[in-house]
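S.K.: The following comprises the amino acid sequence and a computationally predicted model.
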Amino acid sequence: MKLLIADDEPAVRALVHVTLEGDDYEILEAADGVEALEVARGEAPRLVLLDIMMPRLDGLEVCRQLKADPDTSDIVVVMLTAQAQERDRDQGLAAGADDYFTKPFSPLALLNMVERVRHNQSGAD
Amino acid sequence: MRRLRVQLTVLVALLGLLVVAWGAAIFLGARDAARSSASLQSTVDRVDELRRVTTGLSRDFVTMETSRRAYLLTGDEATRKAHTQAEVRADGGFKQVRELSSRWRNLAPLVQGLAAEYRAWVRTGQTELAARRDRGTMAAVAVARSGRADHHFRALWTRQSALENQLARAQRASAHSQDLTYEAAQTLAVRTALMMLAALVLLAVWLRRAVGAPADALRSASGRLAGGDLETPVTLGVENELGAVADDLETMRRRLAGRMEALERLRHLSAQVVGATSMQRLAEVVLAGLQPEIGATRAVLGAARPDGELVLRALAGFPDPGVADDIVKADGEIRQVLPLPTLRGGQVVGMADLGKVAGWSPVLRDLVARMGVGSLALVPQLSRGRFLGLLALCWTERHPLDREQEALLGLAGNQIAGALEAALRLEEAERAAGEARAVFYAIADGVLLSDPYGRVTAMNRALEALTGWTEAEARGRPYAEVLPLATDQVGGPADLVSRYGRKVPVAVSSAPIFDPRGRVVGGVDVIRDVSREREIDEVKSALISTVSHELRTPLTLIHGFAELLVLRDMPVERQRSSAVEILDASRRLARLIDDLLSVSRMESGRLVLDPRPLDLGTVVERILSPFRAMAARHTLRAKLPTGLPVVWGDPDKIEQILTNLVGNAIKYSPGGGEVLVTVEHDGDTVQVSVRDQGIGMSPRDMGQLFEKFYRVDREEVRRAGGTGLGLYITKRLVEMHGGRLWAESWPGVGSVFRFTLPTSDELAGSGR
């Protein structure tokens, strides 16, 4: 399964890499919002992990654009952010995000979530 | 001066003499009259007696003649007897007549003649009678016919008649002289009375002139005085006791007029001092008002502060106002010689001849000489027993105060006290009003005052700036026009719409203004521009986001990699890289916490430097090496001239400064390039510059560059991360070292951050 991790923090991208390593995932990376949109549109990943605070284009906007575009609206978007306030979460869900992970997050919980998405996809197929 | 008494005494004496004379005259007159009257009476009586006897004699003569004749005719014995009896009586009568007439000499010849005739008559008669008796009738008739007796009788009768006539004349003369005596007495009495009357009239005239008219004049003069007319002089033009009284009255009038004039001047002074609202004016007015009265030419006015200390407030009449400084300088010495307890008691104190007062310090003597003051009168001002101030009136020469001047100054002191109190109160009120006005206009919040009808009465500068209205334009306009507020809910946040349509978020608090009786006389609105607070709120919330993000990111890594290490089997190589990630994240977390703590310590003043001499070159090289190891895309270079002076600084902090600047240079030049650290020696300071070839900044971006939590609003910056504390901390650290930090930058070209540090010349010179 193809998934995209968009975060301006290389270490976070590395963490996601390590978490999902060895489970047959194709992991794409983007360091800012614009890059994330490009990759998502070009590679059509099944899942996008989006950081909110990113340079050039923030995660919420990326999510909105992905959900607004019929080509990419099927992509499961999971917000991954350091902001923990209710408001951020509501904003994220309002932007069309499917789920919400607050930093610090548990890599295993993330793995479970990703597994679930893969199974849902398999089930749907 | 005793003339009136003398005159009066003389007059009374004269009058007494007159009375005595009058009495004497009356007495003497009366006595004389009485006397002459008595002698006259006896004369008259004698004459009467004489006449009576003479008449009796005449009758006897007739009886004798008739009886003789009868006898001669008849021879009747009875008739002879009758003749004899009559003869006896006539003899007796004659005797009487002789006695009585002896007093009057002029009668004597008459009486003697009469007597001779009588005797002749009697002899002839006797002869006839004897003839009748002896010879009978015939003889007798013959004798008778001879007629001798008749002849004698006729002669006798003639004489008798002459005597009687003489007596009658004498009687009439007596009566006439008696009348004359009475007349003389009457005349005397009347004349004396007239003289007395004249004397009385004279006395009255004199009294009128010497006493009456002056007394009237005195009466009218005293009446005028009593009626308050002090203008008309009191003069009598007489030189007696009344004149003296008049002179006394005149003296009294002059004094009273003088007093009245002084009082009038005082009243004038009091009217003027009431108008004198400043201390300076008060001193001048008082001096001008008192100078004509007492001759003082200079005045010093001091007022008591609320704590009772006397402070110089005004000078008047001094040619050189610079003496004020001298007085203030000698304040302590003056205080020592002022008789303050007496003055506080309200007593005017005169100090004549200051040059000779004993026990004064040279400073005071010098001061008195410079002020040109010979004598002083200290006039305390008390109001309801409270000591308000002191007026010192100065004479250039020696001038002892007399009682009158002292009393006048005492009165003047009361007048001045009232004015001084008013002036002090006014000053206080003006000060308070000035303070209130200054506060009102200077206060940073907008303040608007309105009347009970909601019309603007005043607004301050801050509100002028907020609303766009000037106070002059706004005054009298309805409140709502000047202060239109757009608000969603009452009491909630409101936006003020300025005259030019600008919306400003404001917080409004309002209160009514009450007068002392509790009636609303207006309102006050305080309008606070809360845009800054809102900005700060936003900044704070952004800061919390930032800090939270910055804290959570390393925490996420630590948490994540640690969890993986614990729960997953990983190749050793992966385990190691995970551990490195954890280590990096921990460092990052620690640095962030350090930054926050630094800021906190700096702002609370708890950050203390531990300065010592430093070799900057070594420090620069030391901090560059870790960056060189990490930053693959950047070239880090240091330009360190030889012979750099030793600087004075805290090594840790200097390192922190350099690390921050070099870190920023790398962080904000994501495309790589050269980072050049230059150290230059410039006079007393050493200048360090860090130059990069990064993204640079526009002048607008640089505006708040060194402010806390400020971050340039650009994607590259956001991507670079950071708390917005680095440059703030750096600048504060440089400044704590006595240096300066500034930046130059060009967008897309790069930035240069420069800072200076003071050199430590003496330590450098010590050969270290």
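M.R.: In hand now; what should we look at?
S.K.: What is the three-state secondary structure of residue B:318?
M.R.: What DSSP: H, G, I helix; E, B strand; the rest coil gives for residue B:318 is coil.
S.K.: now do residue B:233
M.R.: Taken by three-state DSSP, the conformation at residue B:233 corresponds to coil.
S.K.: Next, report how far stretch B:64-81 is displaced from the centre of its chain.
M.R.: Its chain's average C-alpha position is 137 Å from that of stretch B:64-81, according to CA atoms, centre = their mean, to the nearest Å.
S.K.: In it, which residues are buried?
M.R.: If you call a residue buried by 16 or more other CB atoms under 10 Å in any protein chain shown, then stretch B:64-81 has these buried ones: B:64-65, B:67-72, B:79-80. (C-beta placed from N, C-alpha, C; glycine too.)
S.K.: Over to stretch B:664-674?
M.R.: Using 16+ other CB under 10 Å as the test for burial, stretch B:664-674 gives B:664-669, B:673.
S.K.: Give me the distance between it and the centre of its chain.
M.R.: So, by CA atoms, centre = their mean, the centroid of stretch B:664-674 is 86 Å from its chain's centroid.
S.K.: average pLDDT across that stretch?
M.R.: Mean pLDDT, stretch B:664-674: 87.
S.K.: what bridges to residue B:742?
M.R.: Partner residues in beta bridges with residue B:742: residue B:754, with DSSP bridges as the criterion.
S.K.: Count the neighbours of it for me.
M.R.: Counted with other CB atoms under 10 Å in any protein chain shown, the neighbours of residue B:742 add up to 15.
S.K.: any idea how far it lies from residue B:731?
M.R.: 9 Å (CB to CB, to the nearest Å).
S.K.: hmm, back to that, and the two most separated of the buried residues of stretch B:64-81?
M.R.: Longest distance between any two of those is 13.1 Å, between B:65 and B:80; criterion CB to CB.
S.K.: what touches both of those two?
M.R.: With contacts taken as CB atoms under 8 Å, 6 or more residues apart in numbering or on different chains, not a single residue reaches both residue B:65 and residue B:80.
S.K.: Can you tell me the SS state at the most centrally placed residue in chain A?
M.R.: Averaging the C-alpha coordinates of chain A gives a centre point, and the residue nearest to it by CA atoms, centre = their mean is residue A:49 (1.3 Å). Residue A:49 falls in the strand class when you classify it by three-state DSSP.
S.K.: Pretty sure it sits against residue A:15.
M.R.: No - proximity of residue A:49 to residue A:15 does not meet the contact threshold set by CB atoms under 8 Å, at 10.7 Å.
S.K.: tell me which parts of chain A are close to chain B?
M.R.: Where chain A comes near chain B, counting by CB under 8 Å from any CB of the partner chain, the residues are A:8-9, A:11-12, A:14-15, A:18-19, A:21, A:31-32, A:53-56, A:82-84, A:103-108.
S.K.: Please convert the buried members of the residues you listed into ChimeraX selection syntax.
M.R.: Here the buried members of the residues of chain A next to chain B are turned into a ChimeraX selection, burial being counted by 16+ other CB under 10 Å:
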select /A:8,9,11,12,14,15,18,19,31,32,53,54,55,56,82,83,103,104,105,107
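S.K.: Can you report how many residues lie near residue A:92?
M.R.: Burial of residue A:92, expressed as a neighbour count using other CB under 10 Å, amounts to 25.
S.K.: For it, which non-adjacent residue is spatially closest?
M.R.: Beyond its immediate neighbours in the sequence, the residue positioned closest to residue A:92 (CB to CB, 6 or more residues apart in numbering or on different chains) is residue A:79, lying 4.1 Å away.
S.K.: neighbours of that neighbour, just the number please.
M.R.: Around residue A:79 sit 26 other residues, with neighbours defined as other CB under 10 Å.
S.K.: for it, helix, strand, or coil?
M.R.: With three-state DSSP as the basis, the three-state label of residue A:79 is strand.
S.K.: Show me the domain layout of chain B.
M.R.: Following the assignment in automatic domain parsing, chain B carries domains at B:3-201, B:276-434, B:452-525, B:536-598, B:608-765.
S.K.: closest one to residue B:235 among the ones you listed?
M.R.: Relative to residue B:235, the nearest member of the domains of chain B by CB to CB is domain B:3-201, separated by 17.0 Å.
S.K.: The top helix by length along chain B packs against which elements?
M.R.: The helix spanning the most residues in chain B, taking DSSP state H as the definition, is helix B:3-74. Under the contact criterion of 3 or more CB pairs under 8 Å, 6 or more residues apart in numbering or on different chains; DSSP states H and E, the helices and strands touching helix B:3-74 comprise helix B:77-101, helix B:108-146, helix B:148-207, helix B:241-275.
S.K.: Run the angle between that helix and helix B:241-275 for me.
M.R.: 150 degrees (axes from the mean of the first three to the mean of the last three CA atoms, to 10 degrees).
S.K.: Next, the buried residues of stretch B:41-50.
M.R.: B:43-44, B:46-47, B:49-50.
S.K.: As CSV, those with pLDDT would be great.
M.R.: Written out in CSV, the entries for the buried residues of stretch B:41-50 read as follows (pLDDT from 0 to 100):
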residue, pLDDT
B:43, 76
B:44, 76
B:46, 78
B:47, 79
B:49, 82
B:50, 81
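S.K.: What is the nearest of those residues to chain A?
M.R.: Within the buried residues of stretch B:41-50, proximity to chain A (CB to the nearest CB) peaks at residue B:44, which comes in at 173.3 Å.
S.K.: my guess is the closest one meets residue B:167, correct?
M.R.: No - in terms of CB under 8 Å, residue B:44 does not count as a neighbour of residue B:167; the distance is 11.1 Å.
S.K.: Quick one, grab the pLDDT at residue A:61.
M.R.: pLDDT recorded at residue A:61 is 89.
S.K.: what's the nearest residue to it if we skip its chain neighbours?
M.R.: For residue A:61, the spatially nearest residue (CB to CB, 6+ apart) is residue A:33, at 6.3 Å.
S.K.: The one you found against residue A:56, yeah?
M.R.: Yes - distance between residue A:33 and residue A:56: 5.3 Å, which falls inside the contact criterion (CB under 8 Å).
S.K.: can you pull out the helices in the stretch 301-450 of chain B?
M.R.: Assigned by DSSP state H, counting those that start in this stretch, the helices in the stretch 301-450 of chain B fall at B:323-329, B:331-337, B:340-344, B:362-371, B:403-442.
S.K.: low pLDDT regions in chain A?
M.R.: Low-confidence regions of chain A, defined here as pLDDT under 70, cover residues A:83-88, A:121-125.
S.K.: what's the single longest helix in it?
M.R.: Determined from DSSP H, the single longest helix within chain A is helix A:107-124.
S.K.: by how many degrees do that one and strand A:47-51 diverge?
M.R.: Per the same axes, to 10 degrees, the angle that helix A:107-124 makes with strand A:47-51 is 150 degrees.
S.K.: Send me helix A:107-124 as CSV with only the CA atoms.
M.R.: What follows is helix A:107-124, C-alpha atoms only, in CSV (Å, rounded to 0.1, in the frame of the first residue of the first chain):
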residue,chain,number,x,y,z
PRO,A,107,3.8,4.5,16.7
LEU,A,108,2.0,1.3,17.3
ALA,A,109,-1.4,3.1,17.4
LEU,A,110,-0.4,4.7,14.1
LEU,A,111,0.6,1.2,12.8
ASN,A,112,-2.8,-0.1,13.9
MET,A,113,-4.6,2.7,12.2
VAL,A,114,-2.7,2.2,8.9
GLU,A,115,-3.4,-1.6,9.1
ARG,A,116,-7.1,-0.8,9.5
VAL,A,117,-7.0,1.4,6.4
ARG,A,118,-5.3,-1.4,4.5
HIS,A,119,-7.8,-3.9,5.6
ASN,A,120,-10.7,-1.6,4.8
GLN,A,121,-9.2,-1.2,1.4
SER,A,122,-8.8,-4.9,0.9
GLY,A,123,-12.3,-5.4,2.1
ALA,A,124,-13.6,-2.9,-0.3
